[in-house]
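> Test case, fold it:
(one chain, ligands or ions: 1)
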Amino acid sequence: MQTTDSSTQATADSGRDGSAFIIEAEHLGKTYGSQPALIDVTVRVPPGTIGLLGPNGAGKSTFIKCLLNLETPTTGTARVLGRDIRAANRASRESVGYSPEQDCHIAGMAGCEYVTYCGQLSGMPMAIARQRTHEILDLVGMGQERYRTVDTYSTGMRQRIKLAQALVHDPKVIFLDEPTNGLDPSGREHILKLIGSLRRDLGISVVMSSHLLRDIERVCDRVIIIGHGRMLEHDSIAALKSRHRRIVEIAPTSARDRFVSALGESGAKVTQLSNGRLRVESDSDSIEWILQLMRARGLPPAEIVANPDALHEMFIQSISNAVPAAPPPLPAADGRQS
Ligand code: ADP
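Next comes the predicted model:
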């Protein structure tokens, strides 16, 4: 379990309803049958654009569904915008939007009818919902297609209509589950731009799940990394990047073994990479100590590069270090659990 408290940032940037955190979860967990999908998540998330990052099956959707009271947690408690998720009511629906991973439209309904209907479900009077639908459909870039039935839409249009129905009632926070799934590069670019503008232009916090680091990095200011149902990291992207900036790679032209022993003796952690480079982790942000070491040991010249993709490395490492949940016990031959 990992606990993070971002109270400093939250105080400076509180939600539109005044709550300091959009999500507060304590020991939140969900088990399907005997298989844990979400394990002991404790986190407090300030308003902003937050990425839920993890490979498929990591537990991202389960986390979102528990927060939205669409699934009942097996353990723990949580609050969204300061409201206990177990007390979800009309007021909570009015302040929260949700775009699920799967299509959620109603067959036979035109795009604009469907979004209007979703607005009404969230408590808007018909006339206001209709007017707001057209504003939102303009915002997400839907033209005359809005009058066609959603069944005829391309994947890109379906993602946009899902976003529109999540936004129509002017929520304070929206949860988007894999909003770029199935999109081609230009569709992806368009939707990411739009998501990036929601907090900046409309003050809406966004919680967006994705298995793609580049999508999260592109639009989010914070990230929660989830692997095997556990929260592995939670921080601002800038802080995560700077935390991992202390990794450099060295490409020795010769005397690789001498580099390894000299660096190791100096207390740095050295990993030999398959491309011939050495990855060096140290406490220092500067490479001056490496240059001094090379001079003192008479080592040959070598190229030294700051790790170009530190966040990606960190993502891969935290996922691979995560311990999978214990498999359910096998039944013994006589039917008892072993
Ligand atoms: P992600 O969104 O990161 O892809 P999910 O939250 O959908 O992950 O799934 C996490 C784990 O829970 C997976 O092993 C998945 O198979 C399992 N799971 C999700 N929903 C259900 C369900 N309704 N019944 C049983 N297992 C489920």
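
> Going by C-alpha atoms from here, please, whenever you check contacts or count neighbours.
Noted.

> Assign the residue nearest to the spatial centre of the chain to helix, strand or coil.
With distances taken as Cα atoms, centre = their mean, the residue of the chain nearest its centroid is residue 52 (1.7 Å). Classification of residue 52 using DSSP: H, G, I helix; E, B strand; the rest coil returns strand.

> Report the contact partners of it.
For residue 52, the contacting residues are 60, 207-210, 216, 223-226, by Cα atoms under 8 Å, 6 or more residues apart in numbering.

> Return the set of residues that bridge with the closest residue to it other than its chain neighbours.
Using Cα to Cα, 6 or more residues apart in numbering and skipping residues adjacent in sequence, the residue nearest residue 52 is residue 209, 4.3 Å away. Residue 209 forms beta bridges with residue 52, residue 177, as assigned by DSSP bridges.

> Residue 56 belongs to a strand?
No. Going by three-state DSSP, the assignment for residue 56 is coil, not a strand.

> For this structure, what lies in contact range of the ligand?
32, 37, 54-62 (Cα under 6 Å from any ligand atom).

> how about the residue nearest to residue 52, what does it touch?
Residue 209 sits in contact with 51-53, 60-61, 176-179, where contact means Cα under 8 Å, 6+ apart.

> let's see 7 Å
51-53, 60, 176-178 (Cα atoms under 7 Å, 6 or more residues apart in numbering).

> Serialize those residues to JSON lines and add fields for pLDDT.
Formatted as JSON lines, those follow (pLDDT from 0 to 100):
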{"residue": "51", "pLDDT": "97"}
{"residue": "52", "pLDDT": "97"}
{"residue": "53", "pLDDT": "94"}
{"residue": "60", "pLDDT": "97"}
{"residue": "176", "pLDDT": "97"}
{"residue": "177", "pLDDT": "97"}
{"residue": "178", "pLDDT": "96"}
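
> Determine which two of the residues you listed are furthest apart.
Spanning the widest gap among the contacts of residue 209 are 53 and 176, at 12.1 Å by Cα to Cα.

> More neighbours: which of those two?
Set side by side, residue 53 and residue 176 show unequal neighbour counts under other Cα atoms under 10 Å, the larger going to residue 53 at 28 against 25.

> from what I can see the more buried one touches residue 224, true?
Yes. Under the criterion of Cα atoms under 7 Å, residue 53 makes contact with residue 224 at 6.1 Å.

> ok so, going back, save the contacts of residue 209 as CSV, and put in distance to residue 272 too.
What follows is the contacts of residue 209, written out as CSV (distance: Cα to Cα, whole Å):
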residue, distance to residue 272
51, 32
52, 31
53, 28
60, 33
176, 40
177, 38
178, 36
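
> Identify, from the residues you listed, the entry nearest to residue 41.
residue 60 (11.4 Å).

> Which residues are in contact with residue 179?
Contacts of residue 179 by Cα under 7 Å, 6+ apart are residue 159.

> Could you confirm it falls within a strand?
No. Checked against three-state DSSP, residue 179 lies outside a strand; its state is coil.

> Tell me how far it lies from residue 82.
25 Å (Cα to Cα, to the nearest Å).

> for residue 71, same thing?
Residue 71 is 19 Å from residue 82, by Cα to Cα.

> Looking at those two, which is more packed in?
Comparing residue 71 with residue 82 by neighbour count (other Cα under 10 Å), the higher total belongs to residue 82, at 17 against 13.

> State the pLDDT value of the more buried one.
As predicted, residue 82 sits at a pLDDT of 93.

> try residue 315
77.

> ok, how many other residues are close to it?
Count around residue 315 with other Cα under 10 Å applied: 19.

> Please identify the helix or strand for it.
For residue 315, the host element (DSSP states H and E) is helix 310-321.

> mind checking how far that helix is from the chain centre?
14 Å (Cα atoms, centre = their mean, to the nearest Å).

> Would you indicate which residues of it are buried?
Residues of helix 310-321 classed as buried: 310-311, 314-315, 318-319 (neighbour count, 16 or more other Cα atoms under 10 Å).
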